[in-house]
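Trainee: got a predicted structure here, sequence first:
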Amino acid sequence: MKPVSKGELSRASATHFWLKSDQSGQVLLQLKESGGEGFFVVLQATDEWTEARLPLSEFQVDGDKRRDGKLQADQLTEILIADPGAISEVANGSRRIWLSE
């Protein structure tokens with residue numbers, strides 16, 4: 001999780017980074033607003049560097065944290081990268097995920 005100051009990303013219209021993992025699988029990217037509303041996108045990570053260029057309009061609202069359903073870049077306060085497979089009952093071992101600008 002990376003906290004960001006409210007308003008720091010006010011001019012953002014997209015996210016852009018490179019992603020790589022030592023094991024192929026899904027990776028969750030979540031953006032959270034100051035009021036608690038969350039928006040996410042699921043990416044596929046592989047053992048090769050993959051470019052992720054995602055307009056904010058591609059993020060889906062998290063139904064459990066829904067407020068107005070509109071992602072407002074000036075309200076963003078957290079960026080979270082997670083391995084959704086880690087919460088699986090059959091998950092074991094570890095996985096490394098790398099990010100680069």
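Mentor: Here it is on my side, so go on.
Trainee: from here on, just use CA atoms for contacts and neighbour counts.
Mentor: OK.
Trainee: which residue, neighbours along the chain excluded, lies closest to residue 76?
Mentor: In space, and not counting its chain neighbours, residue 76 is closest to residue 33: 4.1 Å by C-alpha to C-alpha, 6 or more residues apart in numbering.
Trainee: tell me the spacing between the one you found and residue 99.
Mentor: 22 Å (C-alpha to C-alpha, to the nearest Å).
Trainee: those two: which is more packed in?
Mentor: Between residue 33 and residue 99, residue 33 has the larger neighbour count (other C-alpha atoms under 10 Å), namely 20 against 13.
Trainee: ok, that one - contacts?
Mentor: Residues near residue 33 by C-alpha atoms under 8 Å, 6 or more residues apart in numbering: 71, 72, 75, 76, 77, 78.
Trainee: will you turn those into a markdown table that also has secondary structure?
Mentor: Formatted as a markdown table, the contacts of residue 33 follow (DSSP: H, G, I helix; E, B strand; the rest coil):
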| residue | secondary structure |
| --- | --- |
| 71 | coil |
| 72 | coil |
| 75 | helix |
| 76 | strand |
| 77 | strand |
| 78 | strand |
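Trainee: which one of those sits closest to residue 24?
Mentor: residue 78 (25.1 Å; C-alpha to C-alpha).
Trainee: pLDDT weak spots in the chain?
Mentor: Counting by pLDDT under 70, the chain contains low-confidence ranges at 86-92.
Trainee: any chance you could map the strands in it?
Mentor: Taking DSSP state E as the test, the strands found in the chain are 2-3, 14-21, 25-33, 38-45, 50-55, 60-61, 76-82, 97-100.
Trainee: can you list the strands that the second one pairs with?
Mentor: In this case it means strand 14-21. According to DSSP bridges, strand 14-21 has the following sheet partners: strand 50-55 (antiparallel), strand 97-100 (antiparallel).
Trainee: same check on the fourth one?
Mentor: Each strand paired with strand 38-45, and its direction, by DSSP bridges: strand 25-33 (antiparallel), strand 60-61 (antiparallel).
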